[in-house]
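*Asks:* here you go, sequence then predicted model.
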Amino acid sequence: MTATPPPAGWTPELLGVPAYLDRLGVETLPDPTADGLNKLHRAHVAAIPFENLDILIGRGVDVTLPAIQAKLVGRRRGGYCFEHNALFGALLDRAGFDVTRLSARVRMGVGFVRARTHMALLVRAEGRPWLADVGFGGDGLLDPIPLEHGATSRQGGWTYRLMRESEWTWVVQEMRPAGWLDLYGFTLEPQHPIDYVMANHFTSTHPLSSFTHLATAQRPGPDRRLTLRGRRLVETLPDGTADERVVEAGDLDDVLLERFGIALTAEELDVLRGRWQDQPEA
């Protein structure tokens, strides 16, 4: 099958598909069907963690596809939305899906307007549009959701829905014990690579971005979520109950590797440990 040509500026031909599939534990690239999309989405979320540690280490974040692939696939690290969804979008392009890159404003219950600092994907499979997003972290989707007003999706112990808020804006919501929580709002305007270069620059360098000073690692799962923010490690269940503890600098190696699958080099660990006491406990 001939893949749908990606929009100008995207370079999925640079993606090393076999190595990426091996990272996901997937043997072959599926056909561009809804089932194929779901299989790849769930495999990516399960295999590659969300994290911002390169910013705290002082390396920054490069959102070009070769750099993302070298990090998330070659070095088996994690990343944040611009890395996850750029990589995943390239894989979907190579599989023959019709992919549109989108930009979103994270809400998470706040009442003020945030910048567009999140990347998501609109994917068409079997004539139907889907919202795909492997890069929102602990609260993120496990599976794609049909792009339909009121579409509700039960994913493991978690429930999500999509709402059309206005002519332009869609909102992803999650059911919490207190009711529906807005995760982020987005429009369907196609984005270009330079749009994410600009957004990534803010997210990885600006003092108003929490990622410039707060260490973060997250893993979503069907029956629990694991989140490290600062020195606080939290394991949350779908009913809202949570187990929390403080992670000390000496425990970083074991926690990152055993709980998140993140293997830092000795030099990277030394840098992170040196900054660890500056991290908040909550």
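*Replies:* Right, received. Where do you want to start?
*Asks:* where does the prediction get shaky in the stretch 151-282 of the chain?
*Replies:* Under the criterion pLDDT under 70, no range of the stretch 151-282 of the chain is flagged.
*Asks:* ok, which stretches of it are helices?
*Replies:* 193-205, 252-254, 260, 266-275 (DSSP state H, counting those that start in this stretch).
*Asks:* could the ones you listed go into a markdown table alongside mean neighbour count and distance to residue 79?
*Replies:* All C-beta atoms are positioned from the backbone trio N, CA, C, and that covers glycine. Below are these laid out as a markdown table (neighbours: other CB atoms under 10 Å; distance: least, CB to CB, whole Å):
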| stretch | mean neighbour count | distance to residue 79 |
| --- | --- | --- |
| helix 193-205 | 17 | 11 |
| helix 252-254 | 15 | 18 |
| helix 260 | 20 | 12 |
| helix 266-275 | 14 | 14 |
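*Asks:* I'd like to know which of these is closest to residue 159.
*Replies:* For these, proximity to residue 159 was assessed by CB to CB; helix 260 is nearest, at 24.6 Å.
*Asks:* give me the contacts around that closest one.
*Replies:* Residues outside helix 260 that contact it (CB atoms under 8 Å, 6 or more residues apart in numbering): 49, 51, 78, 217-219, 226, 228.
*Asks:* TSV for the residues you listed, including neighbour count and distance to residue 195?
*Replies:* Listed next are those as TSV, based on neighbours: other CB atoms under 10 Å; distance: CB to CB, whole Å:
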residue	neighbour count	distance to residue 195
49	25	25
51	26	23
78	26	22
217	23	26
218	22	24
219	23	28
226	19	31
228	25	29
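*Asks:* among those, which are in strands?
*Replies:* 51, 217-219, 226, 228 (DSSP state E).
*Asks:* and those, which is closest to residue 109?
*Replies:* residue 218 (17.1 Å).
*Asks:* what distance do you get for the closest one to residue 234?
*Replies:* Separation of residue 218 from residue 234 (CB to CB, to the nearest Å) stands at 10 Å.
*Asks:* cool, and residue 190?
*Replies:* Between residue 190 and residue 234 the distance is 36 Å, computed by CB to CB.
*Asks:* for those two, indicate the residue with more neighbours.
*Replies:* Each of residue 190 and residue 234 has its neighbours counted (other CB atoms under 10 Å); residue 234 has more, 16 against 13.
*Asks:* run through the bridge partners of that one.
*Replies:* Legend: beta-bridge partners of residue 234 under DSSP bridges are residue 227, residue 244.
*Asks:* mind checking how far it is from residue 217?
*Replies:* Noted for residue 234: a distance of 11 Å to residue 217, by CB to CB.
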